[in-house]
Each structure stands twice: as structure tokens, then as C-alpha cells.
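[1] need a structure here:
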Amino acid sequence: MKRLLILVAVILVCSASVQNAMAKTDLGMRSIGGDVGLVDPENASGTIGFGTFADLGTITPEIHLAPYAAYWSKSEGNPSSGEASVSDFNFGMRGKYMFHVSSPKFQPYAGAGLGLHLVTGKVTIPDMIIGGFLIPGYEVKDTATKLGMDLGGGFFTPVGARTDFTCDFWYGIVSDVSQLSLKVGLAYKLGR
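    Residues are numbered from 1 along each chain as shown. Now for the predicted structure:
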């Protein structure tokens with residue numbers, strides 16, 4: 001009988017905790033936006049990247065959910081002697097912790113998240129004539145799907161009644177293509 005009472009007490013405490021946590025969530029589409037900036041991938045020189053993002057509201061008063069999608073591509077070499085390129089289309093979800101500040105004009109945050117990276121590498125070798133013989137060119141292409149972890153932060157500040165300027169800095173830890181990005185963008189606040 002004691003075990004049954006303890007089990008019932010544990011279930012009641014856990015359900016009260018879950019209801020309390022659910023009462024503090026405020027999920028719903030808050031804003032959408034786009035960004036552009038510098039991406040510095042591992043084993044390649046820097047390039048331009050761009051993407052989209054959203055704010056899905058809060059899971060606690062300080063933590064916002066933010067899905068994103070981003071793309072960058074980098075090519076090196078030249079068409080006459082051969083060219084290598086790599087690209088990454090990635091999307092995922094980040095949690096952003098909003099620091100408490102006294103000014104509503106500047107909101108810094110730090111965050112972490114997980115992303116799925118669709119990485120494509122391609123090498124193109126053109127036709128070559130060596131000693132009067134034609135050596136046909138070829139192309140090798142490979143695509144891999146990789147899981148990555150994002151760490152970073154940034155800030156946003158209002159530039160209009162429904163528009164925020166954003167600046168963020170993220171480091172994506174991904175096998176063979178870890179990347180550092182610094183982007184600026186605009187977020188449009190939706191009707192809530």
C-alpha cells in the first residue's frame with residue numbers, strides 16, 4: 001500500500017511540474033527574416049552565405065525557438081585546368097537564450113542547436129590533349145548528409161515598428177565542413 005501511495009504522489013508531482021512548464025510556454029510564429037554574410041568553412045576559403053530564419057516563440061520566458069535554413073557554395077580552380085567545389089544546404093533548430101537587459105533597443109542572446117547539412121562536393125576535369133592524344137575529361141560528384149551542432153550568439157535591435165536588424169555569429173561543428181559564419185539580416189514581426 002505504501003508503494004502505491006508513493007507512486008501516486010510521484011505521478012501527481014510530475015504532472016504538476018509538466019503543467020507548470022507548459023503554462024510558461026508561448027509558442028507561435030513571432031517573426032520571419034533573411035540574412036546574408038561571410039561563411040568560413042573548414043578546408044576552404046571564405047565565401048558568401050545566405051539564409052532564412054524564424055522565431056517560434058518561447059519554451060521558457062528566456063529561451064526562444066528559432067528554426068533556420070542556410071546555403072553557401074565555394075568553387076576553386078578554373079574551367080581550363082579543373083575545378084573543385086563544395087556546397088552546404090543546412091537547416092535546423094536553435095534555442096536562443098535572451099539575456100536580461102534594461103534597454104528594449106538592444107537584445108543580446110546566446111544559443112545552441114542542431115542542424116542537418118546536405119554537403120555536396122564536385123570535381124570537374126576538362127578534356128586535355130597531351131602529346132597529340134585526347135584524354136577525356138570527367139566529373140566526380142558526392143553528396144553526404146551530416147548532423148551538426150551550432151554554438152553562437154548575437155543581437156537584434158529595432159529599426160522600425162515591425163522590423164528588427166539582426167547580427168549573429170555561429171560556429172557549426174560538422175564532420176569535415178565545420179564552419180564559422182557572421183551574418184546580418186532583417187526580421188519582420190508578425191501580427192502577435
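[2] Go ahead and flag the most central residue of the protein.
    The residue lying closest to the centre of the chain (CA atoms, centre = their mean) is residue 68, at 5.2 Å.
[3] Show me where the chain has its helices.
    2-24 (DSSP state H).
[4] before we move on, back to that, give me every residue that touches the residue nearest to the centre of the chain.
    With contacts defined as CB atoms under 8 Å, 6 or more residues apart in numbering, the neighbours of residue 68 are 51-54, 91-94, 115. All C-beta spots, glycine's among them, are computed from the backbone N, C-alpha and C.
[5] just residue 130 next, same as before
    Taking CB under 8 Å, 6+ apart, we find residue 130 in contact with no residue.
[6] and the residue nearest to the centre of the chain, bridged to which residues?
    With DSSP bridges as the criterion, residue 68 is bridged to residue 53, residue 92.
[7] about what we covered before: of all the contacts of residue 68, which comes closest to residue 25?
    Nearest to residue 25, judged by CB to CB, of these is residue 93 at 15.0 Å.
[8] Which other helices and strands does the lengthiest strand in the chain contact?
    Longest strand in the chain, counting residues (DSSP state E): strand 138-158. Strand 138-158 sits against strand 82-98, strand 107-125, strand 163-173, with contacts defined as 3 or more CB pairs under 8 Å, 6 or more residues apart in numbering; DSSP states H and E.
[9] Make TSV out of the ones you listed and add mean pLDDT.
    As requested, the helices and strands packed on strand 138-158 are exported to TSV (pLDDT from 0 to 100):
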stretch	mean pLDDT
strand 82-98	93
strand 107-125	94
strand 163-173	95
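[10] Could you dump those strands into a markdown table and include distance to residue 138 and mean neighbour count?
    Below are these laid out as a markdown table (distance: least, CB to CB, whole Å; neighbours: other CB atoms under 10 Å):
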| stretch | distance to residue 138 | mean neighbour count |
| --- | --- | --- |
| strand 82-98 | 10 | 18 |
| strand 107-125 | 6 | 17 |
| strand 163-173 | 31 | 18 |
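[11] Reformat these as a markdown table; add distance to residue 36.
    Shown next, in a markdown table, are the helices and strands packed on strand 138-158 (distance: least, CB to CB, whole Å):
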| stretch | distance to residue 36 |
| --- | --- |
| strand 82-98 | 15 |
| strand 107-125 | 18 |
| strand 163-173 | 11 |
